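# Sequence plus predicted model, see below.
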There are 2 protein chains.
Amino acid sequence: MNKGILYVVSAPSGCGKGTILETVLKNNSNIFYSVSATTRLPREGEIDRVNYFFYSQKEFQKLIDEDGMLEYAFFCDNYYGTPKKQVEEKLAQGFDVILEIETNGALQIKKNFPDAILIFILPPSISELRRRLNKRRTETQEVIEKRLSEAKTEIMRAENYDYIMMNEELEKAIVDFEAIIASTKLLRNNNLNKIEEVLNNA
Amino acid sequence: MNKGILYVVSAPSGCGKGTILETVLKNNSNIFYSVSATTRLPREGEIDRVNYFFYSQKEFQKLIDEDGMLEYAFFCDNYYGTPKKQVEEKLAQGFDVILEIETNGALQIKKNFPDAILIFILPPSISELRRRLNKRRTETQEVIEKRLSEAKTEIMRAENYDYIMMNEELEKAIVDFEAIIASTKLLRNNNLNKIEEVLNNA
């Protein structure tokens, strides 16, 4: 059996990453979504182990010390990271795994897992991203400008990703994402065993 | 404008490569099929410039001498090759190009065009390939065994290709091929300009 494939997805806030992943996961039952860990407190409606693994500072630090994190970052007074165990277990079992993380973490992962497939989702433009964030009406203008500034920093790192796709139209973005998944399964390294199988079945 | 993408497709005789490519070309109007050149005589029904560019030994040799061939091989007393001019022109115009060639030529191309996407189409098994070749009833048993032996040599080189797909079921094989095309358009190197466009449209 082949090991599973690790996909790492990044996109600025407002790029529709959540909606795309929700559909992709619904359509691909053998892909496992890896839940991140954080030391921040749950927001209203957030559920432990579904939205995040909510850890205490001490628990998180322990995982770091034990080399139990694939990547982690300290951000707005809190730790965020990807526990190594669940990802490695699923991959070893032959499941594909999707991580949804910011660009620094994604590039850390690529160093440790060169076969990981990094996918960046672009907004059509910064002005369209501003329009989408304004439409939510959940954040102050100051917060929106901060998100846009973060978005620009993230977008500049897209050049280090394997794939760069744009969410201009949701249906098309889902088709694109699934084409990446389908073609990754056809990559040489995931099919070397097939060559032998074909030759042996003579 | 981005340069077009060069796809190189190889498959042993009997793998359904022709049928797959026919459908893919019908569905993707911006992909140009590059016709090969040969010094062998046209078979019944073959049309110059459609099936092959039929060249004299002298014309072919002239193109080789002028560095006008992307790749060529001498095979069963005849030359076969890919004229450089048409391929480079189409790529420069932004068209994608598909070459359908055997494995030696394909690996020559990859050396000169590292960005070329090499796709190998496997049969489900050697025994299934034998069954398909027998079903045609156009070749003697001796020729069929020779083709199977060539097929094995070709298949062993599949490990040097970017993608390895199997034509077990035609519909699925076409979907796979088109997923490779769709995802290739999303590769980092084909989208670096988009990063700048998104950032500039603020």
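Happy to help now that I have it.
# Neighbours of the nearest residue to A:L122 once chain neighbours are set aside, how many?
Take A:L122 and drop its neighbours on the chain: the residue closest to it by C-beta to C-beta, 6 or more residues apart in numbering or on different chains is A:M166, 4.5 Å away. In short, each C-beta sits where N, CA and C put it, glycine included. Using other C-beta atoms under 10 Å in any protein chain shown, A:M166 has 20 neighbouring residues.
# For A:M166, give me the pLDDT.
On pLDDT, A:M166 comes in at 96.
# Those residues of chain A touching chain B, which are they?
Counting by C-beta under 8 Å from any C-beta of the partner chain, chain A comes close to chain B at A:122-128, A:152, A:155-156, A:158-166, A:175-176, A:178-180, A:182-184, A:186-188, A:191-192, A:194-195, A:197-199, A:201-202.
# go again using 7 Å as the cut-off
With C-beta under 7 Å from any C-beta of the partner chain as the criterion, chain A meets chain B at residues A:122-123, A:125-127, A:152, A:155, A:158-159, A:161-166, A:176, A:179-180, A:182-183, A:186-188, A:191-192, A:194-195, A:198-199, A:201-202.
# Just the buried ones from those residues?
For the residues of chain A next to chain B, a burial check counting by 16 or more other C-beta atoms under 10 Å in any protein chain shown picks out A:122-123, A:125-126, A:155, A:158, A:161-166, A:176, A:179-180, A:182-183, A:186-188, A:191, A:194-195, A:198-199.
# contacting residues around the residue nearest to A:L122?
A:L122, A:P124, B:K194 (C-beta atoms under 7 Å, 6 or more residues apart in numbering or on different chains).
# Return the residues in contact with the second one.
Read that as A:P124. A:P124 makes contact with A:M166, A:E168, according to C-beta under 7 Å, 6+ apart.
# Please report phi then psi for it.
Backbone torsions for A:P124, taken as degrees, to the nearest 10, come to phi -60, psi -30.
# Quick one, grab the pLDDT at it.
The model's pLDDT for A:P124 equals 93.
# do the same with the last one
On pLDDT, B:K194 comes in at 95.
# Would you confirm that it contacts A:L122?
Yes. Shown here, B:K194 and A:L122 form a contact pair, counting by C-beta atoms under 7 Å, at 6.2 Å.
# Pop out the phi and psi values for the one residue sitting closest to the centre of chain A.
Centrality entry for chain A: nearest residue to the mean C-alpha point is A:E100, 2.1 Å, by C-alpha atoms, centre = their mean. Backbone torsions of A:E100, given as degrees, to the nearest 10, read phi -120, psi 100.
# Okay, and the beta partners of it?
A:E100 forms beta bridges with A:V9, as assigned by DSSP bridges.
# so who does it touch?
A:E100 neighbours (C-beta under 7 Å, 6+ apart): A:V9, A:K17, A:L21.
# What of A:I180?
Taking C-beta under 7 Å, 6+ apart, one finds A:I117, A:I119, A:Y163, B:S183, B:L186 in contact with A:I180.
# my read: A:A11 touches A:I121, true?
Yes. Using C-beta under 7 Å, A:A11 is in contact with A:I121, at 3.6 Å.
# what do those two both touch?
Jointly contacting A:A11 and A:I121 under the rule C-beta under 7 Å, 6+ apart are A:K17.
# okay, now A:K90: neighbour count?
Per other C-beta under 10 Å, the neighbour tally for A:K90 reads 20.
# Quick check on it: phi, psi?
The phi/psi pair for A:K90 (degrees, to the nearest 10) is phi -60, psi -40.
# Equivalent analysis for A:Y79, please.
Here is the backbone geometry of A:Y79 (degrees, to the nearest 10): phi -90, psi 140.
# got it, and A:L25?
Backbone torsions for A:L25, taken as degrees, to the nearest 10, come to phi -70, psi -40.
# how close does it get to chain B?
18 Å (C-beta to the nearest C-beta, to the nearest Å).
# Looks like that residue contacts A:T19 (just checking).
No. With contact defined as C-beta under 7 Å, A:L25 does not reach A:T19; the gap is 11.1 Å.
# intersection of neighbour lists for B:K194 and A:L122?
Residues touching both B:K194 and A:L122 (C-beta under 7 Å, 6+ apart) are A:I164, A:M166.
# tally of neighbours for A:I5?
Using other C-beta under 10 Å, A:I5 has 22 other residues around it.
# How about residues contacting the strand or helix carrying A:N104?
Using DSSP states H and E, A:N104 maps to helix A:103-112. Where contact means C-beta under 7 Å, 6+ apart, the residues beyond helix A:103-112 that reach it are A:V8, A:S10, A:L70, A:E71, A:A73, A:T82, A:L99, A:A116, A:L118, A:E154, A:R157, A:N160.
# Same check on stretch A:12-27?
Residues contacting stretch A:12-27 (C-beta under 7 Å, 6+ apart): A:9, A:11, A:31, A:33, A:98, A:100, A:121, A:123, A:129, A:132-133, A:147, A:150-151, A:154-155, A:167, A:170, A:173-174, A:177-178.
# Give the buried residues for it.
Residues of stretch A:12-27 classed as buried: A:P12, A:S13, A:G14, A:C15, A:G16, A:K17, A:I20, A:L21, A:T23, A:V24 (neighbour count, 16+ other C-beta under 10 Å).
# Tabulate the contacts of A:I180 (a markdown table), appending secondary structure and pLDDT.
Below are these laid out as a markdown table (DSSP: H, G, I helix; E, B strand; the rest coil; pLDDT from 0 to 100):
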| residue | secondary structure | pLDDT |
| --- | --- | --- |
| A:I117 | strand | 98 |
| A:I119 | strand | 98 |
| A:Y163 | strand | 98 |
| B:S183 | helix | 98 |
| B:L186 | coil | 97 |
